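In: pasted the sequence and its predicted model underneath.
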Amino acid sequence: MSAPDLRRAAAARALELVEPGMRLGIGTGSTAAAFIALLGDRVRAGLDVIGVPTSEATRIACEREGIRLATLEELPELDLTIDGADEVDANLRLIKGGGAALLREKIVAMASRRMVVIADAAKRVETLGAFPLPIEVNVFGFGATWRAVEKALAESGCAGKPLTRRLDAAGEPLLTDGGHALLDAHLGAIPDPEGLSARLWAVPGVVEHGLFLGIADTAYLAEASGSEARVIVLSADDLTTSGQRL
Ligand SMILES: O=C(CO)[C@H](O)[C@H](O)COP(=O)(O)O
């Protein structure tokens, strides 16, 4: 079972949630791309939905598939967002932003009644942080913001961990769709994601970070089971009010 097969299996499961007339948030990345391809098939077969893309890459992919699109100005409230993730823990906390789209992804997810994550089950982790945490920052004051982010990391129990600036394929500093810079925090483990989130938000130059806490309500995680793909379901319904898994 190949990685694309697993991505397609998770995407196919999420597609079952899509109903005619729905207003969809459409994620970014290779798993979201698998969802867009399957959704395109359904749209061409007559399904009427409208989507808000979470990146320029997703907008282009959706247009290619003939999926009707809108903006959050036109549709400020969405029914369902389907998106990938870089890490998922047992409490449905996520790291996102490996594809540099975290800001739009978070805005779209927060405008949605539901956010459903689709991913290879290899993205499931005990503790968030092995995947570098993306932090989107305004280019104005970049050096000062970098230092303030390092201080916030240290105060969150992540002292001395390397912070790097994300580069594009040509080796130039990457700019997000919103024109911001991206820092990647190589933390190894994040002992207190909620505390780190609050401290990062308190830094004026930080536009957004890739911790998605209390946002996703379901994750479909595909793993190989013999020659088949099995989809594991993580649901917020299985969490206690304090966010711990039952
Ligand atoms: O957050 C993201 C983009 O900003 C992606 O959803 C995340 O990086 C997962 O991507 P993929 O499905 O390609 O593994």
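Out: Cool, the structure landed.

In: could you list the domains of this protein?
Out: 3-125+213-236, 133-208 (automatic domain parsing).

In: first-to-last residue distance for the last one?
Out: The first residue of domain 133-208 is 11 Å away from its last residue (CA to CA, to the nearest Å).

In: same deal with the first one?
Out: Between the start and the finish of domain 3-125+213-236 there is a gap of 26 Å, counting by CA to CA.

In: turn the domains of the chain into CSV, columns for mean neighbour count, distance to the ligand and mean pLDDT.
Out: Quick note: C-beta positions are derived from backbone N, CA and C, even for glycine. As requested, these are exported to CSV (neighbours: other CB atoms under 10 Å; distance: least, CB to the nearest ligand atom, whole Å; pLDDT from 0 to 100):
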stretch, mean neighbour count, distance to the ligand, mean pLDDT
domain 3-125+213-236, 20, 3, 97
domain 133-208, 17, 7, 96
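
In: is it true that residue 100 touches residue 134?
Out: Yes: counting by CB atoms under 8 Å, residue 134 is a contact partner of residue 100 at 7.2 Å.

In: overlap in contacts of these two?
Out: Taking CB atoms under 8 Å, 6 or more residues apart in numbering as the criterion, residue 100 and residue 134 both touch 166, 182.

In: which residues in this protein form helices?
Out: Ranges of helices within the chain are 3-15, 30-44, 56-65, 102-110, 142-155, 193-201, based on DSSP state H.

In: chain center to the fourth one, what's the gap?
Out: Average the C-alpha atoms of helix 102-110, do the same for its chain, and the two points are 8 Å apart (CA atoms, centre = their mean, to the nearest Å).

In: hmm, who's touching it?
Out: The contact list for helix 102-110, computed with CB under 8 Å, 6+ apart, reads 25-28, 52-55, 72, 78, 81, 83, 96-97, 115, 134, 136, 176-178, 180, 207-210, 212, 215-216.

In: could you check the angle that helix makes with helix 56-65?
Out: Using axes from the mean of the first three to the mean of the last three CA atoms, to 10 degrees, the direction of helix 102-110 lies 60 degrees away from that of helix 56-65.

In: now do stretch 61-81: distance from first to last residue.
Out: 16 Å.

In: and for that stretch, what's in contact with it?
Out: Residues from elsewhere that reach stretch 61-81 (CB under 8 Å, 6+ apart): 17-18, 22-27, 33, 36-37, 39-40, 43-44, 48-54, 59, 107-109, 111-116.

In: so which residue is smack in the middle of the chain?
Out: residue 96 (3.9 Å; CA atoms, centre = their mean).
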